[in-house]
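[1] how would this look folded up:
(one chain, ligands or ions: 2)
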Amino acid sequence: MSTEFTRQINPQPATDEVRAAVLENPGFGQHFTDHMVCIDWQGDVQKGTGSWDNARIQPYGPLSLDPSTSVLHYGQEIFEGLKAYRHQDGSVWSFRPEANAARLNRSAQRLALPALPEETFVDAVRELVRVDEAWVPSGEGESLYLRPFMIGTEPFLGVRPSKQALFSVIASPAGNYFGTVEPVDIWLSDTWARAGKGGTGAAKCGGNYAASLIAQLEGDAHGCSQVLFLDPEREGAVEELGGMNVFFVFDDNRLVTPELTGTILEGITRDSVLKLARDRGMQVEERAFTLDEWREGKRSGRLTEVFACGTAAVIAPVRRLLSHDEVIGSEHERPGEVTMAIRRQLLDVQTGRAEDPHGWLTRLV
Ligand code: PLP
Ligand code: COI
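    Ligands and ions are numbered 1, 2, ... in the order given. This is a model prediction of the structure:
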């Protein structure tokens, strides 16, 4: 049964001129649409009781939180990231939203937050995109980025799961995340880890990103737009970037990516890339991949391309891995052929230019 949303329309939406100016040059995550979704929860996670109520569309605007609200102290926060794409006939679609809904619930379980019915998640996204449809861009590589999130909202300082929560969705027109598909340099974090065994690495929670920022600052100082994290318990084993999964292309039609160990985010783009690569007849390996193998692959010339992927950035070719001590992979000056072919294939499905053989698209408008 679909969730009923009440609608409170924004009495002061952005003017057509302001919206047009944003859509002219959306950037990433800087401008927000006129509305947001909110749904409240009350219950007891430990007892498995509670209900989601008051599903609503309301004007986009500040949340009012008591200073004692649990999320502000103990960080019970999780989020998702997905996009709405405008197709040539004007319709609007999202890509595997049920996978985001399922992952939100895995994150919720890890953070002792309540599960949200998957249909409610998809309904919430649909409601928001319908009311703010005019904000869905139609330019090449552009989309409406959707940011569902959940926080513990009980005003209480005891350390236990919050008995109140808020699920919300906000939306932001998005252009190209890196502003280009030119290969990017990434920084090797050899000091800081973002996750460890039994920790929250596989959950999409704000704390993981907070923990990655110090490494990102180090990367920024070295001209790198993303940071590569290693598995602190397995010598030199590559995990993922701060906001993307990572792939290695070998000259024998092989694609390698670190396996899901519980410390890596189960990227929906990662999973889609694996499927597309298999469709292309590539041999796909999900396994430990070490810096030594990266070095050796470069030395022998058999590792021909490296790329990173995620919803926000789609697929970004990697030029070099830099660290305090070394540079790996200096010859990836141009985006690789396999990288760009998979990128094109994925974007073509998302934007309706190609068949959708896996049934990944859900129509929103
Ligand atoms: N890894 C991390 C840490 C991320 O933040 C993201 C982005 O969401 C990804 C991987 C890629 O996940 P997805 O493809 O589902 O966007
Ligand atoms: C995404 O790709 O959707 C992300 O969440 C990555 C980053 C913007 C946090």
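
[2] Please list the outside residues in contact with the helix ranked longest in the chain.
    Looking across the chain with DSSP state H, the single longest helix is helix 206-221. Helix 206-221 has contacts (CB atoms under 8 Å, 6 or more residues apart in numbering) with 75, 77-79, 186-187, 189, 191-192, 194-195, 200-201, 225-227, 229, 242-243. (C-beta placed from N, C-alpha, C; glycine too.)

[3] Give me the buried entries from these.
    Neighbour counting by 16 or more other CB atoms under 10 Å classes 77-79, 186-187, 189, 192, 194-195, 200-201, 225-227, 229, 242-243 among the contacts of helix 206-221 as buried.

[4] Please export the C-alpha coordinates of stretch 126-143 as PDB.
    C-alpha atoms of stretch 126-143 as PDB (Å, rounded to 0.1, in the frame of the first residue of the first chain):
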ATOM      1  CA  ARG A 126       8.500  10.100  -6.000                       C
ATOM      2  CA  GLU A 127       6.400  12.700  -4.100                       C
ATOM      3  CA  LEU A 128       9.300  15.100  -3.800                       C
ATOM      4  CA  VAL A 129      10.300  14.800  -7.500                       C
ATOM      5  CA  ARG A 130       6.700  15.300  -8.500                       C
ATOM      6  CA  VAL A 131       6.200  18.500  -6.500                       C
ATOM      7  CA  ASP A 132       9.600  19.900  -7.500                       C
ATOM      8  CA  GLU A 133       9.700  18.500 -11.100                       C
ATOM      9  CA  ALA A 134      10.600  21.900 -12.500                       C
ATOM     10  CA  TRP A 135      14.000  21.500 -10.800                       C
ATOM     11  CA  VAL A 136      15.000  18.400 -12.700                       C
ATOM     12  CA  PRO A 137      17.700  19.500 -15.100                       C
ATOM     13  CA  SER A 138      17.800  18.200 -18.700                       C
ATOM     14  CA  GLY A 139      21.400  19.000 -19.700                       C
ATOM     15  CA  GLU A 140      24.000  16.400 -20.600                       C
ATOM     16  CA  GLY A 141      25.300  14.700 -17.400                       C
ATOM     17  CA  GLU A 142      22.900  16.600 -15.200                       C
ATOM     18  CA  SER A 143      20.300  15.200 -12.800                       C
END
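
[5] All further residue positions should be reported with the first residue as 627.
    Yes, from this point I'll number from 627; that puts the last item at stretch 752-769.

[6] now what about that stretch, what contacts it?
    Outside stretch 752-769, the residues that touch it by CB under 8 Å, 6+ apart are 631, 633, 635, 645, 648-649, 652, 659-663, 683, 709-712, 718, 720, 770, 772, 795, 797, 799-802, 940, 973, 976, 990-991.

[7] Repeat the analysis, applying 6 Å as the threshold.
    Stretch 752-769 is touched from outside by 631, 649, 652, 659-661, 663, 683, 709-712, 718, 770, 795, 797, 799-802, 990-991, with contacts defined as CB atoms under 6 Å, 6 or more residues apart in numbering.

[8] Please report phi then psi for the closest residue to ligand 2 within the chain.
    Nearest residue of the chain to ligand 2, counting by CB to the nearest ligand atom: residue 707, 2.2 Å away. Backbone torsions for residue 707, taken as degrees, to the nearest 10, come to phi -140, psi 120.

[9] got the contact list for the closest residue to it other than its chain neighbours?
    Closest residue to residue 707 apart from its sequence neighbours, by CB to CB, 6 or more residues apart in numbering: residue 937 at 4.7 Å. By CB under 6 Å, 6+ apart, the contact set of residue 937 is 707, 708, 895.
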